[in-house]
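Chemist: 3D, please:
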Amino acid sequence: MIIAQNNLQFILEVAILVHLGILFLFNLLNVSLRLALSLSLLLTMFLSLIFSLDTLCLFLPFVSHQEFTHAFGPLSILGWVTLTSGIQILRERGVTSPSLSKINILLFFIILIAGGIMHRSFLLMWLLGVGIGYYLISKCYKTKTKIKFKTISYFVVIALTSFTVLEILSRILNLEVLSPSVRISRVEKNIIPSLQMVLPNIRFWGHVPGSCHWGSECLGGADGYITLPVTLIHFLRLPYHIFYGILVNQKDYIDYMLPGIFAVAFDGGYFSLLFLLVWVAFVTILASKILKKYKEKRSEGSTRYLGREALLIGSLSAFISQSMVGLFVVNRSFNESALLTYIIISALTVAHVIKVEQ
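Modeler: Numbering: from 1, shown residues only. Below is the predicted model of the structure:
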């Protein structure tokens, strides 16, 4: 492997290796429906547990929270939607499991509440991912769950109710960290200075040298605003520009205050943004076509791809929702640890292409 010289090259190398590795392993394994259901249930239960414990730390003195929803939030969407898809496949085949359905509903609300309290951006991603998952399920299976105006209105009501409850709790408990309005006001206060820093300095291959935090040492691109986990970079002792300690505040002006389209364009140039948008479109279209092939195989009586179909619906739902929130709401949703998760979910979505063609 060629040693990457900066953050962008490191991201590309890791992305290529992860995609190749998952593609190889995925097509060696027999992903049965039983396996898909079991793994998705375990994953969703585990994530609901750590999200709940992390949220509990917000209310406990002398205990710090870890914000696991940033890193693992998309994986909870993958797990829950895969589980829901598997349950629908069982119903279509005449097998009902009331206990599993009840557990699924319980997990939905646990993750909704725990994750929503921790981050409002995750609450939006969760509802968006679940909505996309239901849409894909309604297209793939004989289900009464059709996406209509009434269904969309339910999700809107849940979202508005969740934000309202968080605002009320923040005032009762005197915890600004829970308040959506405080978050919005903070963004309103900082978004103009952040845009003034970013927009005039974006170039096709990066940004104007010297326009970032590093001054004369600024590379003019790949300066650490978009990175893989800092702990991974430290562990490998890679000499890249990274923001850690008190320097994180300098990165937050872009990471928390701007959508990902601005952060990617600033740190990687317009070319990187265009490449990412094309990749998102490519993966989405490719996965949609593979889902149609899975549906055709299932309609012909084949049960070979049932587990893979459920997994692809979960992966695609997570991929689209994380892409939309990361690109158009807040960059933090697919940066650092979340970026590694994003790469893994992308690889899990693309990995279906070889097996289905065979």
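Chemist: Pretty sure residue 94 sits in a helix.
Modeler: No: counting by DSSP: H, G, I helix; E, B strand; the rest coil, residue 94 is not found in a helix; it is coil.
Chemist: Tally up the residues packed near it, please.
Modeler: Burial measure for residue 94: 6 neighbouring residues, criterion other Cβ atoms under 10 Å. Just so you know, the C-beta spots here come from the backbone N, C-alpha and C atoms, and that holds for glycine as well.
Chemist: So the nearest residue to residue 9 once chain neighbours are set aside: helix, strand or coil?
Modeler: Distance criterion Cβ to Cβ, 6 or more residues apart in numbering; nearest residue to residue 9, sequence neighbours excluded, is residue 222 at 7.2 Å. Three-state assignment for residue 222 (three-state DSSP): coil.
Chemist: isn't residue 65 right up against residue 118?
Modeler: Yes: Residue 65 is within contact range of residue 118, at 7.2 Å (criterion: Cβ atoms under 8 Å).
Chemist: which SS state does residue 243 fall under?
Modeler: State at residue 243, reduced to three classes by three-state DSSP: coil.
Chemist: Which positions within the lengthiest helix in the chain qualify as buried?
Modeler: Criterion DSSP state H: the longest helix present in the chain is helix 260-299. Within helix 260-299, the residues that count as buried by 16 or more other Cβ atoms under 10 Å are 260, 262-269, 272-273, 276, 280, 283, 287, 290-291, 294, 297-298.
Chemist: mind showing which ranges of the chain have poor pLDDT?
Modeler: Within the chain, the stretches with pLDDT under 70 are 1-2, 142-152, 155, 177-178, 182-183, 245-249, 355-358.
Chemist: what secondary structure does the residue in it sticking out farthest from the centre sit in?
Modeler: What lies farthest from the middle of the chain is residue 216; by Cα atoms, centre = their mean that is 34.5 Å. Look at residue 216: counting by three-state DSSP, its state is helix.
Chemist: Where does the spatially closest residue to it that is not a sequence neighbour sit: helix, strand or coil?
Modeler: Setting aside the residues directly before and after it, residue 216 is nearest to residue 210 in space (Cβ to Cβ, 6+ apart), at 6.6 Å. Here residue 210 is coil, with the state taken from three-state DSSP.
Chemist: separation between residue 210 and residue 217?
Modeler: 9 Å (Cβ to Cβ, to the nearest Å).
Chemist: distance between stretch 19-39 and the chain's centre?
Modeler: Between the centre of stretch 19-39 and the centre of its chain there are 20 Å (Cα atoms, centre = their mean, to the nearest Å).
Chemist: residues making contact with that stretch?
Modeler: 79, 82-83, 86-87, 89-90, 100, 303, 306-308, 310-311, 343-344, 346-348, 350-352, 354-355 (Cβ atoms under 8 Å, 6 or more residues apart in numbering).
Chemist: Now which of the residues you listed would you call buried?
Modeler: 79, 82-83, 86-87, 89-90, 306-308, 310-311, 343-344, 346-348, 350-352, 355.
Chemist: picking that back up, thinking the residue nearest to residue 9 is in contact with residue 205, fair?
Modeler: No: with contact defined as Cβ under 8 Å, residue 222 does not count as touching residue 205 (10.0 Å).
Chemist: Show me which of the two is the more surrounded one.
Modeler: Set residue 222 next to residue 205 and count neighbours by other Cβ under 10 Å: residue 222 wins out with 25 against 12.
Chemist: residue contacts, that one?
Modeler: 6, 7, 8, 9, 206, 240, 241, 267, 268.
Chemist: Let me see the ranges of the strands in the stretch 101-250 of the chain.
Modeler: 202-203, 206-207 (DSSP state E, counting those that start in this stretch).
Chemist: of all those strands, which lies closest to residue 130?
Modeler: strand 202-203 (34.2 Å; Cβ to Cβ).
Chemist: and that closest one, which strands flank it?
Modeler: strand 206-207 (antiparallel) (DSSP bridges).
Chemist: What about the closest residue in space to residue 121 that isn't next to it in sequence, how many residues nearby?
Modeler: Residue nearest to residue 121 in three dimensions, not counting chain neighbours: residue 330, with 4.9 Å by Cβ to Cβ, 6+ apart. Residue 330 sits with 26 neighbouring residues when counted by other Cβ under 10 Å.
Chemist: and if you look at residue 239?
Modeler: Residue 239 has 8 neighbours, counted by other Cβ under 10 Å.
Chemist: Quick check: it vs residue 317, distance?
Modeler: 38 Å.
Chemist: what does residue 350 give?
Modeler: Counting by Cβ to Cβ - residue 350 and residue 317 are separated by 15 Å.
Chemist: What of residue 190?
Modeler: As judged by Cβ to Cβ, residue 190 and residue 317 stand 31 Å apart.
Chemist: picking up where we left off before, switch the strands of the stretch 101-250 of the chain over to JSON lines; also include mean neighbour count and distance to residue 252.
Modeler: Formatted as JSON lines, those follow (neighbours: other Cβ atoms under 10 Å; distance: least, Cβ to Cβ, whole Å):
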{"stretch": "strand 202-203", "mean neighbour count": "18", "distance to residue 252": "19"}
{"stretch": "strand 206-207", "mean neighbour count": "25", "distance to residue 252": "18"}
